[in-house]
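# please work out how this folds:
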Amino acid sequence: MKKALTTIFCIALALCFLTSASIAAEKREKFGSDKRHDIANRVKFKPSTEKIRWKMVMPWSKGLLFYDIAVHFADSVRLASAGRLDIKAFSAGELVPAMQSFDAVSQGSAQVGHDWPGYWKGKNEAFVAFASVPFGLDAEGYNIWLYEKGGLELMQELYGQFNLFALPGGQVGQEMGLSSNKRATKMEDFKGMRVRTPGWYMDIMNNLGASVSPLPGGEVYLALERGVIDAAEFSSPAINYPMGFDEITKYAIQPGVHQPGVQCALFFNKDAYEKLPEDLKWIIDICAKETQLWSYNWINSLNAEAIRRFKEKIEFVKMDKETLIEFRKKTKAYLDEVKAKYPDVKKVLDSQEAFTESFADWRDARSGAAAWPYETYIGGRITE
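Residues are numbered from 1 along each chain as shown. A predicted model of the protein is given here:
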């Protein structure tokens with residue numbers, strides 16, 4: 001009898017444990033879900049048979065890798081649609097001047113464009129936030145914010161004001177810092193320096209005491225060579241290298257805090273986009289995401305080689321920690337002023353900053369797992 005009671009007690013205890021575990025498990029739902037699954041699970045459209053021809057315009061010349069990114073998207077669409085949607089790419093000046101590409105698509109002269117959104121700062125200051133923000137989102141941050149934290153909706157809302165539908169269309173990561181003939185590692189070193197840079201970074205550098213000009217990319221080499229400017233930033237190492245800045249400068253001042261992540265966009269004439277068959281809209285969406293992924297991998301693979309070549313001719317110097325902290329403070333003060341002046345900027349930057357805050361715990365927890373070469377890591381360099 002005693003043995004039987006013991007057995008019953010053990011069974012009851014086990015059942016209680018299983019029930020408790022089950023209740024605990026029931027309290028936690030699945031942590032995430034793919035919102036697209038339900039749409040894909042019940043496809044209600046058929047492949048279209050219509051052949052459509054579109055024109056793509058952009059601010060890029062054929063010598064810039066940004067042009068190749070735009071063409072990559074057009075190629076992806078052509079391949080995925082088996083030629084049913086054929087997008088012909090026109091470089092800057094071929095169909096419209098570089099800085100008229102936005103208006104050309106908005107008005108319907110072309111159906112699609114590719115850009116760095118900051119070029120349209122004069123139309124709405126908030127475009128800069130979707131391109132690059134000093135000390136702002138890096139490539140990983142842009143991807144998560146755009147696709148998972150409401151950034152894409154804000155992007156489409158902004159472009160929508162101009163009869164455009166937009167998608168992320170190329171992320172090339174952090175830019176190189178200043179190519180310079182003056183060594184600068186401390187805040188005071190920038191005072192009086194003549195610098196080429198556009199956008200918000202131009203204003204920030206001016207506030208630091210530099211003298212800044214937003215020269216077009218094609219004029220930078222000559223300005224450096226003739227001593228009109230002391231330093232210039234333009235883009236990623238792989239994009240900078242063919243421009244030959246290392247032939248006429250002594251230093252590369254790092255890091256590129258002005259653009260931790262360079263985000264490009266694809267923008268479509270809204271009327272043309274809405275007329276597309278449903279299957280082609282999905283092809284555009286998926287090919288834009290593929291271009292976003294490919295561009296980052298492609299450019300950064302090239303960056304690694306470009307940096308090695310740069311190091312053969314110029315010295316890489318880094319701003320010290322105190323300078324970077326002070327730089328960050330000056331940037332925060334400037335961006336707060338811009339937010340106060342432009343409601344659209346405030347909406348976008350507040351969203352980005354909220355994401356940055358929410359991501360901070362994970363960024364901290366994973367710190368120390370940077371993929372440095374073995375000797376570098378055991379030498380004490382454990383974070384990036």
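# what segments of this structure are strands?
52-57, 85-89, 112-115, 164-171, 178-180, 194-196, 211-213, 231-232, 251-254, 263-269, 315-318 (DSSP state E).
# so where is this structure shaky, pLDDT-wise?
Residues of the chain meeting the criterion pLDDT under 70: 1-26.
# turn the strands of the chain into TSV, columns for distance to residue 97 and mean neighbour count.
To be clear about C-beta, it is placed using only N, CA and C from the backbone, and glycine gets the same treatment. Below are the strands of the chain laid out as TSV (distance: least, CB to CB, whole Å; neighbours: other CB atoms under 10 Å):
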stretch	distance to residue 97	mean neighbour count
strand 52-57	9	20
strand 85-89	16	20
strand 112-115	13	28
strand 164-171	18	24
strand 178-180	27	27
strand 194-196	21	23
strand 211-213	21	17
strand 231-232	23	25
strand 251-254	32	22
strand 263-269	17	26
strand 315-318	36	14
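# need the ones you listed in a markdown table (columns: distance to residue 345).
Shown next, in a markdown table, are the strands of the chain (distance: least, CB to CB, whole Å):
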| stretch | distance to residue 345 |
| --- | --- |
| strand 52-57 | 26 |
| strand 85-89 | 31 |
| strand 112-115 | 18 |
| strand 164-171 | 17 |
| strand 178-180 | 25 |
| strand 194-196 | 23 |
| strand 211-213 | 20 |
| strand 231-232 | 26 |
| strand 251-254 | 27 |
| strand 263-269 | 16 |
| strand 315-318 | 30 |
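# would you put the C-alpha positions of stretch 151-166 in CSV?
The C-alpha trace of stretch 151-166 is given here as CSV (Å, rounded to 0.1, in the frame of the first residue of the first chain):
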residue,chain,number,x,y,z
GLY,A,151,11.5,53.5,-41.7
LEU,A,152,10.2,52.3,-45.1
GLU,A,153,6.8,53.7,-44.3
LEU,A,154,8.3,57.0,-43.5
MET,A,155,10.4,56.9,-46.7
GLN,A,156,7.3,56.2,-48.8
GLU,A,157,5.4,58.9,-47.0
LEU,A,158,8.1,61.5,-47.9
TYR,A,159,8.6,60.5,-51.5
GLY,A,160,4.8,60.2,-51.8
GLN,A,161,4.5,64.0,-51.4
PHE,A,162,6.1,64.2,-54.8
ASN,A,163,4.0,61.6,-56.7
LEU,A,164,6.6,58.9,-56.1
PHE,A,165,6.8,55.4,-54.6
ALA,A,166,10.1,54.5,-53.0
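# list the buried ones in it?
For stretch 151-166, the neighbour count (16 or more other CB atoms under 10 Å) marks 151-152, 154-155, 158-159, 162, 164-166 as buried.
# what about stretch 334-347, start to end distance?
End-to-end distance for stretch 334-347: 16 Å, by CA to CA, to the nearest Å.
# give me the distance from that stretch to the chain's centre.
Taking CA atoms, centre = their mean, to the nearest Å, one finds stretch 334-347 lying 20 Å from the centre of the chain it belongs to.
# for the spatially most central residue of the chain, what are its contacts?
In the chain, the centroid-proximal residue (CA atoms, centre = their mean) is residue 263; its distance is 2.9 Å. By CB atoms under 8 Å, 6 or more residues apart in numbering, residue 263 lies in contact with 116-117, 130-132, 142, 146, 168, 170-171.
# most widely separated two among these?
Farthest-apart pair in the contacts of residue 263 is 116 and 146; separation 14.8 Å (CB to CB).
# before we move on, back to that, closest to residue 89 among the contacts of residue 263?
Nearest to residue 89 among these, with distances taken as CB to CB, is residue 170, at 13.3 Å.
# so that closest one touches residue 291, yeah?
Yes - with contacts counted by CB atoms under 8 Å, residue 170 reaches residue 291, the gap being 5.8 Å.
# shared neighbours of these two, which are they?
Common contact partners of residue 170 and residue 291 (CB under 8 Å, 6+ apart): 69, 73.
# how close does the residue nearest to the centre of the chain sit to residue 278?
With distances taken as CB to CB, to the nearest Å, residue 263 is found 27 Å from residue 278.
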